[in-house]
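Q: Model the structure of this input:
(2 chains)
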Amino acid sequence: MGSPAADEDLPQVLLIRNPPAFTIDGEEQFTSAKFRFLKAFESTLPPHDFLAARAQSVRAMLASGGAVVDASVLQFLPELRLIVTTTAGLNQLDLPECRRRGIRIANAGDVYSADVADCAVGLLIDVLRKISACNRYVKQGFWASKGDYPLGSKLRGKRIGIVGLGRIGYQVAKRLEAFGCSIAYNSRKAKPGVSYPFYQEVQELAAKSDALILCCGLTEQTRHMINKEVLAALGKDGVIVNIARGGVIDEKEMVRCLMEGEIAGAGLDVFENEPDAPKELMELDNVVMSPHCAVFTRESLLDVARLVVGNLEAFFSNEPLLSEYEDD
Amino acid sequence: MWFPKLLPVTERSLLRPFLHHTTNPLLHSSTTSLRQSNLLPRRVSTAAVSPMESISVLMTCPPVHPYLVEALEKRFTLHKLDSVPDKPQFLSSHRDSIRAVVGNAAAGADAELIDQLPKLEIVSSYSVGLDKIDLAKCKEKGIRVTNTPDVLTDDVADLALGLMLAVLRRLCESDRYVRSGLWKKGDYKLTTKFSGKTVGIIGLGRIGMAIAQRAEAFSCPISYFSRSQKPGINYKYHPSVVDLAANCDILVVACALTPETRHIINREVIDALGPKGVLINIGRGPHVDEAELVSALVEGRLGGAGLDVFQDEPNVPEELFKLENVVLLPHVGSGTVETRQAMADLVVGNLEAHFLNKPLLTPVV
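A: Here you go, the predicted structure:
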């Protein structure tokens, strides 16, 4: 695309790691006439040596979920002014350090929200109506030989507690309202203009919910927020759905509760120690698991590629970013 | 004074005229004295006690719903056709006593049965579907028919959405992926986004509308086919099922099963839906030409299917078992504790209303 000389003039976008989206989507979805990629992971030099040698004048970086960007990396990038992520979550970035250095962030914005919300609702319906368990049952030939499967539990009237009413949480709420569920939420602070009841304490939300759906980011405050007390408050008829991060739940405690019937079931897309999901859950019929793939639809990956390119092109043209992340 | 011995449960019916109609002391501790419970046989005319326990009700479907069976046994004399070894002999010897039939989606009251029960007054179905009841014959003979509408609408619609999400997002398969340890080897593949997909609904009755309302919350454009276009509905109407199938991503069967709608999903419709299209059936198995569906799925001519009902339940075509784009459920559309209880209450309530000469709760005929 263009002569080598013209390419050399293009501004560089640093890649520390190969983004999964490049492999899944194809790198061609991310190419642009307005920038070129500088791939640290392709060099034989150790990462920090590469950065010191080649990245001094880099102004923009594309960081996927596995690319940790903290002070030890940023020290080599004095000109960095923009980090674009392929993720909605930002826990791979040291945000305060980025802010200190005047670095702007553009994340995946709302691109994944619908898919993640769909997954959350799908997991909840699956757990309550035993869809995966029934599918297994039928496909093993048991319907004919063993008879009907045990009954599930009705959705209408269930009290849903949304932990983290951000973009994803809000989309989950809108969907579940259509099923006749009632919504309440916990967030860092109450959202103005939102009519759902707000609970400052997650434990109180859990006590008043039939199902908790975790939609919050993973931070120091939210790590293991779903602990023994919260699970006890949720109770033996309660269901937990996690499409946030595995670290939000005290996984060992949750597994114990599930094994001992202290909560009724769980739908989990994320785990503390991926790709290892707790082996105790593998035998349980009231648990539905998915391999951290709530965002991985063809459509969303194409959308995120377009958004990444759009953000980078806007930056290099001094135009407003498409999905700038603002701390609140 | 005659003190009846504590009889085994099967002979309970002999004592019925002497028992208060809401309690049965033989269900209590075996040491309960009949004298103490004030239920000694007295010389009372049967007219003084509620007549309902003596009414014979025939359950023509397998007795797989414990709450319903218990509720019926408590109030009536319940006969379970499924447990009878010689059905023709049974029907012949009970032809003058059976006044009610209770059926479900599996079995109801066809013309042959109705002809064998000259004292039949009412058929109460533990289902909303009426395809197992000869409605014309009932009308002709003045036999009342009731079903269980509304109470199961939510559950069936919820399941339809659950199936759509499970098929498009491969929820069951990705659960299997984790359980089998494959995640350690690599990520699961990409799935298909559900939000925003066009949902085509065949039959915009209670269940069809409930499905539409839910799908709208996922920003799904809704289109439909119905016997006639519905006034005041904003969804896009298609004058034929083939047309609907050609113009939607997910086709849902939500209409009643009648002679006209049998095999409404045929080869032509399946071809129109195509290799990216998904079929969801929460209606009745015979809505679909099952052989055509199976070959289309096996050959990749149809993108996927979520099926709660089949031609010959509980038998499901085994060719579907290994397909990762197919989700199979054992007819659980109304299968929640809450809804099955509400359905049973409606069945019993309709029967009681009939025999007390009160208006039926949910009459069809």
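Q: Which residues are in contact with residue 247?
A: I went with chain A, as the question did not name one. A:218, A:222-224, A:272 (C-beta atoms under 8 Å, 6 or more residues apart in numbering or on different chains). For glycine as for every other residue, the C-beta is placed from the backbone atoms N, C-alpha and C.
Q: wrong chain, I was asking about chain B
A: B:198, B:200, B:223, B:238.
Q: Filter those residues down to the ones in helices?
A: Using DSSP state H, no member of these falls within helices.
Q: The helix ranked longest in chain A and chain B, are they touching?
A: In chain A, taking DSSP H as the definition, the longest helix is helix A:298-316. Yes: with C-beta under 8 Å from any C-beta of the partner chain as the measure, helix A:298-316 is seen reaching chain B through A:298-301.
Q: Most neighbours among these, which one?
A: residue A:300 (25 neighbours; other C-beta atoms under 10 Å in any protein chain shown).
Q: distance of that residue from residue B:87?
A: 57 Å (C-beta to C-beta, to the nearest Å).
Q: Repeat that for residue B:315.
A: Distance from residue B:315 to residue B:87, by C-beta to C-beta: 21 Å.
Q: for residue A:86, same thing?
A: 66 Å.
Q: which regions of the chain sit below the pLDDT cut-off?
A: If you meant another chain, say so; for now it's chain A. A:1-6, A:328 (pLDDT under 70).
Q: ah, I was thinking of chain B
A: Looking along chain B with the criterion set at pLDDT under 70, you get B:1-50.
Q: Strands of that one, residue ranges please.
A: With strands called from DSSP state E, chain B shows them at B:56-59, B:77-80, B:98-103, B:122-125, B:144-146, B:199-202, B:222-225, B:236-237, B:250-253, B:278-281, B:304-307, B:326-328.
Q: what's the answer for chain A, then?
A: Counting by DSSP E, the strands of chain A are A:12-15, A:36-39, A:60-63, A:82-85, A:104-106, A:159-163, A:182-186, A:211-214, A:239-242, A:265-268, A:287-289.
Q: burial count for the nearest residue to residue A:138 once chain neighbours are set aside?
A: Spatial nearest neighbour of residue A:138, excluding adjacent residues (C-beta to C-beta, 6 or more residues apart in numbering or on different chains): residue B:328 at 4.2 Å. Neighbouring residues of residue B:328 were enumerated by other C-beta under 10 Å; the total is 23.
Q: Let me see the contact set for residue B:328.
A: Contacts of residue B:328 by C-beta under 8 Å, 6+ apart are A:134-135, A:138-139, B:307, B:316, B:320-321.
Q: now the end-to-end length of stretch A:154-165.
A: End-to-end span of stretch A:154-165 (C-alpha to C-alpha, to the nearest Å): 24 Å.
Q: correct me, but residue B:160 touches residue B:278?
A: No: with contact defined as C-beta atoms under 8 Å, residue B:160 does not count as touching residue B:278 (11.5 Å).
Q: any shared contact partners between these two?
A: Both residue B:160 and residue B:278 are in contact with residue B:306, where contact means C-beta under 8 Å, 6+ apart.
Q: and the gap between the residue of chain A positioned farthest from its centre and residue B:190?
A: Largest separation from the mean C-alpha position in chain A: residue A:145, at 41.1 Å (C-alpha atoms, centre = their mean). Distance, residue A:145 to residue B:190, by C-beta to C-beta: 36 Å.
Q: and the residue of the stretch 1-150 of chain B found nearest chain A, how many neighbours?
A: Closest to chain A within the stretch 1-150 of chain B is residue B:64: 5.7 Å, counting by C-beta to the nearest C-beta. Neighbour count for residue B:64, taken as other C-beta under 10 Å: 12.
Q: How about the contacts made by the residue nearest to it when sequence neighbours are not counted?
A: Computed as C-beta to C-beta, 6+ apart, the closest residue to residue B:64 that is not its neighbour in sequence is residue A:148, at 5.7 Å. Residue A:148 makes contact with B:64, B:330-331, B:335, according to C-beta under 8 Å, 6+ apart.
Q: which of the residues you listed lies closest to residue A:29?
A: Nearest to residue A:29 out of those is residue B:330 (C-beta to C-beta; 41.8 Å).
Q: Many thanks, I have nothing further to ask.
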